[in-house]
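*Asks:* A structural model of the following input is requested.
(one chain, ligands or ions: 1)
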Amino acid sequence: MKPHVAIVGAGLAGSVLADLLVKNDCLVTVFDKSRGTGGRLSTCRLGDYSADLGAPYILDGSDSATEIDFSNWLQTQPQIEQWSPRVTDFKGDAIEHLRFSTASPRQSALTRSLITGAEFIPSTRVGYIWPELVEEKAGVIVRDDKGKGLGQFDAVVVATPALQAVPLLEAIPRFMKKAESIAPEVSWVHVMVTYSESRETPDLILGQHEVLSRITKDSAKPGRICPENSDVWVIEANKEWSRAHENTSPDVVAQHLRKAFMELFPTHNHVIAERTHRWLYARHSKTDADFLWDSFSRIGVCGDWFGQGETNAAWQSATLLSKALIEHFQQMDMPSDNHLIAV
Ligand SMILES: Cc1cc2nc3c(=O)[nH]c(=O)nc-3n(C[C@H](O)[C@H](O)[C@H](O)COP(=O)(O)OP(=O)(O)OC[C@H]3O[C@@H](n4cnc5c(N)ncnc54)[C@H](O)[C@@H]3O)c2cc1C
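*Replies:* This next block holds a predicted model:
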């Protein structure tokens, strides 16, 4: 019988792990509390438009071995396209030679494709994970947040932001403590569709600003469809401003972010649709481990809070945990027709 693994979270980490386990002959069920995949790479709808609400892109190429491996892996994903936007700082000075990777036609296309071989159960918030014998078979029980049984699995992996992992890790207090020790960073994001006949804007604005950290013209990314004279913008508040306004109402945040945008681009003042989102766990403080795995209870943890706290860390953590899980199942004397392929 193939080992059956449950993964909590269909963000990049959970989806990469699902893909690698399926390719190594495991049955995989992925639960997510949201309606779709992506987590912090998800896409939101705004009437007839859509926009990437989390990471707008992934920085291409870097120095460390992990980043080179991640970059090489990204190039093998059919949804990934290169993006060379016109970039300026907030004063309007050009920033040259920046190249990014982004999934097309939206960021969530990457996670959607990675979990194709797994069973995906959306709109299900997992609330309980516990190692338990069922009819003398060792495994891990999973229940939703209302106590409804979701099944017994040969292993369960929690691939959520650190603080969302805490209540799921009660069975292993040292894992729970580790998750509790991670400090999350809040981030306010305002998405806006504007109508303007002026096309004189950069595609990406970065750098120092009293309110903002980045403005991305989502509609300039590869594969996006946007009617003529319309643009979709993703406006991110900076770390300090987001922290100071963590509990401010979305309407007030929207006013501030819209105003900061209009001061930069006064000709883009005709707003067709808009939406404001607060990411409570946008990024994380770093932790020293690559992932957590307890072969006795068969519970593992991965995500971007293992490492540098961004997409490359989520990918690396999931990739390394997949190797530990595959090794575990081989040692458990699973059927000998399991073929281990390199990950
Ligand atoms: C605004 C913003 C901008 C960013 N910009 C960049 C950038 O430029 N470059 C970069 O590399 N990274 C960036 N990041 C960070 C990047 O998006 C994340 O590092 C990465 O996507 C994290 O992936 P993950 O799988 O670890 O977690 P997540 O994407 O958070 O996935 C976790 C999933 O678990 C689900 N979940 C949580 N609890 C439960 C539960 N109890 N039951 C079921 N499901 C549950 C959630 O719904 C979610 O789908 C940005 C993030 C944000 C928010």
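*Asks:* Please report the number of neighbouring residues for residue 2.
*Replies:* Counted with other C-beta atoms under 10 Å, the neighbours of residue 2 add up to 17. From N, CA and C alone the C-beta is placed, and that goes for glycine too.
*Asks:* The chain should start at 794 in everything you say after this.
*Replies:* Understood, numbering begins at 794; the last thing we discussed is residue 795.
*Asks:* Tell me how far it lies from residue 825.
*Replies:* The gap separating residue 795 from residue 825 is 22 Å, by C-beta to C-beta, to the nearest Å.
*Asks:* The lowest-mean-pLDDT helix or strand in the chain: partners in the sheet, and parallel or antiparallel?
*Replies:* Among the helices and strands of the chain, strand 851-852 carries the lowest confidence by mean pLDDT, DSSP states H and E, at a mean of 83. In the sheet containing strand 851-852, its partner strands are strand 893-896 (antiparallel), by DSSP bridges.
*Asks:* what's the strand it pairs with in contact with?
*Replies:* Contacts with strand 893-896, where a contact means C-beta atoms under 8 Å, 6 or more residues apart in numbering, come from 834, 845, 849-853, 864, 867-868, 870, 872-878, 902-903, 1014-1015.
*Asks:* and residue 1064, what does it touch?
*Replies:* When the contact criterion is C-beta under 8 Å, 6+ apart, the partners of residue 1064 are 985, 986, 987, 1051.
*Asks:* Which members of those residues occur in strands, if any?
*Replies:* In strands, judged by DSSP state E, the following of the contacts of residue 1064 are found: 985, 986, 987.
*Asks:* What parts of this structure come near the ligand?
*Replies:* Those residues of the chain that sit near the ligand, judged by C-beta under 6 Å from any ligand atom, are 801-807, 824-827, 832-834, 847-851, 918-919, 952-954, 957, 980, 982, 1029, 1072, 1075-1076, 1096-1097, 1103-1104, 1107.
*Asks:* Check which residues of the lengthiest strand in the chain are buried.
*Replies:* With DSSP E setting the assignment, residue counts place strand 1063-1077 as the longest strand in the chain. Of the residues in strand 1063-1077, those with enough neighbours to count as buried (16 or more other C-beta atoms under 10 Å) are 1065, 1066, 1067, 1068, 1069, 1070, 1071, 1072, 1074, 1075, 1076, 1077.
*Asks:* I'd like those as CSV, with distance to residue 931 and pLDDT appended.
*Replies:* Supplementary listing: the buried residues of strand 1063-1077 in CSV, determined by distance: C-beta to C-beta, whole Å; pLDDT from 0 to 100:
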residue, distance to residue 931, pLDDT
1065, 56, 92
1066, 52, 94
1067, 51, 95
1068, 46, 96
1069, 47, 97
1070, 41, 97
1071, 41, 98
1072, 38, 98
1074, 32, 96
1075, 38, 96
1076, 37, 92
1077, 32, 87
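*Asks:* closest to residue 860 among the residues you listed?
*Replies:* When the buried residues of strand 1063-1077 are compared for distance to residue 860 (C-beta to C-beta), residue 1076 comes out closest, at 16.5 Å.
*Asks:* what about this protein, any weak spots by pLDDT?
*Replies:* Residues of the chain that meet the criterion pLDDT under 70 lie in 853-856, 1126-1136.
*Asks:* Can you give me the domain assignment for it?
*Replies:* 797-835+904-974+1080-1124, 837-900+976-1077 (automatic domain parsing).
*Asks:* which of the ones you listed sits most buried?
*Replies:* Per residue and on average, the most neighbours among the domains of the chain fall to domain 797-835+904-974+1080-1124, with a mean of 20 (mean count of other C-beta atoms under 10 Å).
*Asks:* got the end-to-end distance for it?
*Replies:* Using C-alpha to C-alpha, to the nearest Å, the end-to-end distance of domain 797-835+904-974+1080-1124 comes to 15 Å.
*Asks:* Over to stretch 829-842?
*Replies:* 17 Å.
*Asks:* Can you give the contact residues for that stretch?
*Replies:* 802-805, 807-808, 823, 825, 827, 843-848, 896, 899-901, 903-905, 908, 913, 915, 984, 986, 1019, 1023, 1025, 1065-1068, 1070, 1072, 1074-1075, 1097, 1104.
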